[in-house]
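*Asks:* turn this into a structure:
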Amino acid sequence: MLRRILFLSVLPFVTHAVTPLPAEFSGNYCNSFKAAFKELFTETGSYPNFTLPTEGTKILVWSHLGQKHEPQSAEDLQALLKFVQNGGIFFLCSAAPTQAFHGKNIYDLSPAADLLGAKSYVYSNPKSELLGVAQELFTPESNPYAAMEHNNPGLGGLTNMIVLMGTDKIAKLGVNRIGSGAVVYTSNAPAAKPEYADALRKLLLSLMQPNELQRLFPLPTSNQAVTVDGQVLHLALASDSRNSPLDNLLPQLLEAADFSPIIGEPSLLIHVGQTAYVNSLGLDFDSLHPYGYYIVMRDGRNLVLAGKRDAGTNYAVIDFLKRYLGYRRFLGTQELNEIIPKQPKLVLPAKLEIREEPSIHSYILAWGGGAAVFGRNSRLTCQATHALSSLVPPAKYGESHPDYFPMINGERVKVVDGKIAGPWNPCLSNPDLPKLVAEYADEYFGKHPDNLGLPMGVNDGGGDCQCPSCKAELEKTGNQYAKFYNMAAGVLAEKYPDKLISFIAYSAAATQAPKGVSMAPNILVEITGIGKVGAYNLFPAWRDSGIKHFGLYDYIYTFGSGYVTPRYYPRAMASAWREAKKEYNLETMWMELYPATGVFDAPRQYVLDEIAWNMDADVEALLDDFFNSMYQEAAQPVKRFFDLHEQVYLRKKNWKTPMSDRQKFAQMNEYTWDDLQKLEQELDAASKITLQELPKKRLEVLKKLWRFSSLRIQGNILARDLEAMQSIDSKATAEKLVELIKRGYQNIADSEAYTMSDEEQKLVFIDPEKRGLEQLKNFSYLLPLPNFENFSEPALARLSEYLLKNGQDLAAFYQKHASGSSDERTRAALLTQVYMHQHQLENLVRNPSFEDSADSGHDKPLMSDHINLQGVPGWSSWTFPSSVTKFFLNSETAHSGKYSCAIGERQIGGSIISYVGLQPNCRYRLTFWVRRNRGDEGFGMGSAGVRMQGKRGWLDQGSAITVAYPPECEHQWVKCSTIFTAPNEPATALILLSAAKQAPGAWTAFDDVSLEKVYDPEHGR
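*Replies:* The predicted model follows:
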């Protein structure tokens, strides 16, 4: 015996003599295990089906081919856990885990995750390697999975299982240590090849020896990561928890790294989602809001983070981390706006009992990006937006029912290959609509049973039916869709009495509350904040029409999304939302955001998201939380910096309509030089405070982006300063005006020269490639040059009038100042006045007074959607697709001659257009006369613009060269003018004379249009 022991001691895989252990085998594929483990066991039982071990058994093997098995009960699982914990060695082969323990499907092993150390069954062929202690125990020849050509079973979703053969994510051979024993999973039986049988035998020998078991697979120790009511415990994620942000964030927030359960260790188990334990508590999920959730701890050993839906569970996780570990994820780039403070321990009270549900039933931010879960801002339960294409799908009804689709300009739109080119909405006079509504409701609520409303919003872009019946309804009630919605509400109430018809008050035919129509009680209308009137002014009329359920669809775009100024109004908008909630019981909110950055907008959005969840939330506390979290010791001066922006915003008369100044220079009109000085003072104060690395970086980024915004605002103030100089009565005033001109062009140069490093852009912009600095600087609607010249040219004209009136040498005056400037555009602006007084100017517009009415001689339209204007050679027209814009020669009024050209009814968009070729870098003056037969009807007076095309197509994304029609043009002719500079390449100017939205009978007329070259740099040098 001594020789045998000595002999065994020199074998690489045996260090001590072992006594055979009692073993039981279950399943029809166990013989190869018996052969491999020969002399290491004494067989005490073999069974055809999976059978729990009897008392005294130490080795248990389950291996079975074919046949389905009923999953083991919770009591059976506890018995198996106890068996292993007390020193048992449990082998599971191939599909045995899914045969014995599957949950929702064959791949779900979460019911047995504590036993297996894995949550899922996988079937794949990854590149298998020897990992960890396997490199000590085995040789590469032992690994049968390394060269397999076919898929084979494995365990994934690993928690405690140690992989010996496989990958870091999939175990082909693995061990889960529990107490004094272990669970072994092997994808193949020992019959695979002799080397593998030897490997399994060697593994069993190691597991049978307590010292080797502990050396190779040591028991995990408590992470002591949580204190509950003063008691330090191991913190673990319950094995049957669903995946959530907690998996990734907890190791970052706490000093501990491993949160796997340790059987027998005093622990706090976190149950994420509706696990078996959670379901045992009797929490009322049925009455819970679809996105509501619980944070519950009743026994100090089990913490519940669970929602009615998975999204609600994620909200519970993030809310818990925010409350107890200081986690924050604000709008913007992750590097700057995610706050992960490292904590030694999670500290909790003895009990928690929190049930969270939102104040606003349905709230969605389009889109919240990386901050969506933290903001709880993607919880749609009632869609009211564009949905009528789902009621009448073109692919389904295009061929069989062309009468379902709109009539536009006297013809039904064509459905080609199941699609309609351009915007459209269904014909509302069709008698089949009740049937279609009933079918649509069944389909929709079959998929979305928890949702509050049936989406019925008009499709985007117009395309309303213009058949006689639909048109008559619009003319009679002012809302083409109201009676249709009443009909749909009646159909819905028959089968779904607790549901609502939901739609947006949007577009020319569906925005206004109907006249003479009483709306059904089961209708929800989401008022849109588009247009000059804004959403809040529309609520009363809709309430008067009988509406009981209200929503708000508004546009709270950020800096970089049509804005070059900070969009900061947390207190203001929170008060507006609270007022709407109180007055109209606001139930739904859809907010368009489309953020480019969070540098200016994150604090505002944090407040608004929290208010949408809890209308009683403390705004000041939220703001303090944001600024303290982001800027730490510099929180107060930075907060004052932002507060100044809100004070400026509140100077706007229509501040409740946040998008009223989007893509317009009016967004800057409330800022003053004094404001800019105070803003700089606050940033200077913040900069003097010593900060840690990350808060300091945030402050530097804030200052960097503010520099760009400040330059744009300064340019706007300079333009307004020029406009204020209406009277020039002295040489000193003349010199001051010229100095303002020089400062304005220098500001433009500074704005154009503004740069950021690639690293700075990655910190500032959410998507720097598509919506970074280049796109921000070149956004054509807000280019500073055209805006400044709208004010500088009239100012210079007033100066020229003063010079001539006082007998001064105009040319000498401007040439003197031009020669003293190194800026080419400043010189061009000054010398333009000389050029205009020394040259005979030529009108480059063909048929400028619309008196030539012959249909011959039309130029080919430049764009495919431009149409030659009938009876007006030299002019084309454009109409927004599937909408109405009426163009006509107006003999009722003319500034000169017999005719003007007019735009009548205009639903969405339309212009009359003239094309004029431009010479590079020359300056041109557009002049025209305008008259309207009505005043502002809620959409402004309208404006004209100039766009540019070159060989490479459009040279802009929209017109920054615009002329707004003044209110004085109501019932009288008013002259409008602007000067602009041609691009540095041959181009064609498109003169676009447009109108605001106009009802039938309204018109805007134009006459005596001219475009003249007013400066040529070749003559100005």
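*Asks:* what is the end-to-end distance of stretch 160-178?
*Replies:* 9 Å (CA to CA, to the nearest Å).
*Asks:* now it: how far from the chain's centre is it?
*Replies:* The chain centre lies 39 Å from the centre of stretch 160-178; the measure is CA atoms, centre = their mean, to the nearest Å.
*Asks:* how about stretch 470-486?
*Replies:* A distance of 34 Å separates the centroid of the chain from that of stretch 470-486, by CA atoms, centre = their mean.
*Asks:* buried ones in it, by neighbour count?
*Replies:* Neighbour-count burial for stretch 470-486 flags 470-471, 473-474, 477-486 (criterion: 16 or more other CB atoms under 10 Å). Where you see a C-beta, it was placed from the backbone N, CA and C, and this is true even at glycine.
*Asks:* got the end-to-end distance for that stretch?
*Replies:* One end of stretch 470-486 to the other measures 15 Å (CA to CA).
*Asks:* same check, this time on stretch 295-313
*Replies:* For stretch 295-313, the end-to-end distance is 10 Å (CA to CA).
*Asks:* now the buried residues of stretch 470-486 as a markdown table including secondary structure?
*Replies:* Shown next, in a markdown table, are these (DSSP: H, G, I helix; E, B strand; the rest coil):
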| residue | secondary structure |
| --- | --- |
| Cys470 | helix |
| Lys471 | helix |
| Glu473 | helix |
| Leu474 | helix |
| Thr477 | helix |
| Gly478 | coil |
| Asn479 | coil |
| Gln480 | coil |
| Tyr481 | coil |
| Ala482 | helix |
| Lys483 | helix |
| Phe484 | helix |
| Tyr485 | helix |
| Asn486 | helix |
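*Asks:* now for these: which two are most distant?
*Replies:* Farthest-apart pair in the buried residues of stretch 470-486 is Lys471 and Asn486; separation 18.8 Å (CB to CB).
*Asks:* can you name the element that comes right after the helix or strand harbouring Ser792?
*Replies:* Secondary structure assignment for Ser792, by DSSP states H and E: helix 784-805. Of the helices and strands lying after helix 784-805 in sequence (DSSP H and E), the nearest is helix 810-819.
*Asks:* any idea of the mean pLDDT for that following helix?
*Replies:* For helix 810-819, mean pLDDT rounds to 96.
*Asks:* and what of stretch 86-99?
*Replies:* For stretch 86-99, the per-residue pLDDT averages 97.
*Asks:* need the CA coordinates for that stretch. PDB is fine.
*Replies:* The C-alpha coordinates for stretch 86-99 follow below in PDB (Å, rounded to 0.1, in the frame of the first residue of the first chain):
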ATOM      1  CA  ASN A  86     -22.900  19.800   2.200                       C
ATOM      2  CA  GLY A  87     -20.000  18.400   0.100                       C
ATOM      3  CA  GLY A  88     -21.700  16.800  -2.800                       C
ATOM      4  CA  ILE A  89     -20.200  16.800  -6.300                       C
ATOM      5  CA  PHE A  90     -22.900  17.200  -9.000                       C
ATOM      6  CA  PHE A  91     -22.100  16.500 -12.700                       C
ATOM      7  CA  LEU A  92     -24.500  17.800 -15.400                       C
ATOM      8  CA  CYS A  93     -23.800  16.700 -19.000                       C
ATOM      9  CA  SER A  94     -24.800  18.300 -22.300                       C
ATOM     10  CA  ALA A  95     -28.500  19.300 -22.300                       C
ATOM     11  CA  ALA A  96     -29.200  18.100 -18.700                       C
ATOM     12  CA  PRO A  97     -29.400  21.700 -17.400                       C
ATOM     13  CA  THR A  98     -32.100  22.700 -19.800                       C
ATOM     14  CA  GLN A  99     -33.900  19.400 -19.400                       C
END
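*Asks:* next, the buried residues of it.
*Replies:* Judged by neighbour count using 16+ other CB under 10 Å, the buried positions of stretch 86-99 are 87-99.
*Asks:* same deal with stretch 349-356?
*Replies:* Residues of stretch 349-356 classed as buried by neighbour count (16+ other CB under 10 Å): 352, 356.
*Asks:* roughly how far is that stretch from the heart of the chain?
*Replies:* Centre-to-centre, stretch 349-356 and its host chain are 31 Å apart (CA atoms, centre = their mean).
*Asks:* cool, and stretch 440-456?
*Replies:* Put simply, stretch 440-456 sits 24 Å off its chain's centre (CA atoms, centre = their mean).
*Asks:* and it, average pLDDT?
*Replies:* 97.
*Asks:* now do the strands in the stretch 351-500 of the chain.
*Replies:* Using DSSP state E, counting those that start in this stretch, the strands of the stretch 351-500 of the chain run over residues 352-356, 362-366, 378-379, 407-408, 411-412, 453-455, 500-505.
*Asks:* related to what we said a few turns ago, and which of the buried residues of stretch 86-99 is nearest Ser287?
*Replies:* Using CB to CB, the buried residues of stretch 86-99 come closest to Ser287 at Thr98, 35.7 Å.
*Asks:* that closest one and Asn105 touch, don't they?
*Replies:* No - with contact defined as CB atoms under 8 Å, Thr98 does not reach Asn105; the gap is 9.0 Å.
*Asks:* which parts of the stretch 451-600 of the chain are helices?
*Replies:* 468-477, 482-495, 539-544, 570-584 (DSSP state H, counting those that start in this stretch).
*Asks:* I'd like those helices laid out as JSON lines, including mean pLDDT and distance to Val533.
*Replies:* Converted to JSON lines, those look like this (pLDDT from 0 to 100; distance: least, CB to CB, whole Å):
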{"stretch": "helix 468-477", "mean pLDDT": "96", "distance to Val533": "18"}
{"stretch": "helix 482-495", "mean pLDDT": "98", "distance to Val533": "18"}
{"stretch": "helix 539-544", "mean pLDDT": "98", "distance to Val533": "10"}
{"stretch": "helix 570-584", "mean pLDDT": "98", "distance to Val533": "15"}
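*Asks:* wait, Met948 touches Leu955, no?
*Replies:* Yes - Met948 is within contact range of Leu955, at 4.1 Å (criterion: CB under 8 Å).
*Asks:* find residues that contact each of these two.
*Replies:* Common contacts of Met948 and Leu955, defined by CB atoms under 8 Å, 6 or more residues apart in numbering, comprise 983, 987.
*Asks:* quick one: the lengthiest helix in the chain to chain centroid distance?
*Replies:* Looking across the chain with DSSP state H, the single longest helix is helix 693-724. When C-alpha coordinates are averaged (CA atoms, centre = their mean), helix 693-724 and its chain have centres 26 Å apart.
*Asks:* for the helix or strand following it, enumerate the helices and strands it packs against.
*Replies:* Tracing the chain past helix 693-724, the next element assigned as helix or strand by DSSP H and E is helix 731-753. Secondary-structure packing of helix 731-753 (3 or more CB pairs under 8 Å, 6 or more residues apart in numbering; DSSP states H and E): helix 693-724, helix 784-805, helix 824-838.
*Asks:* other SSEs contacting the last one?
*Replies:* Pointing back at helix 824-838 there. When contacts are defined as 3+ CB pairs under 8 Å, 6+ apart, helix 824-838 packs onto helix 731-753, helix 784-805, helix 810-819, strand 923-932, strand 974-981, strand 1004-1015, helix 1017-1020.
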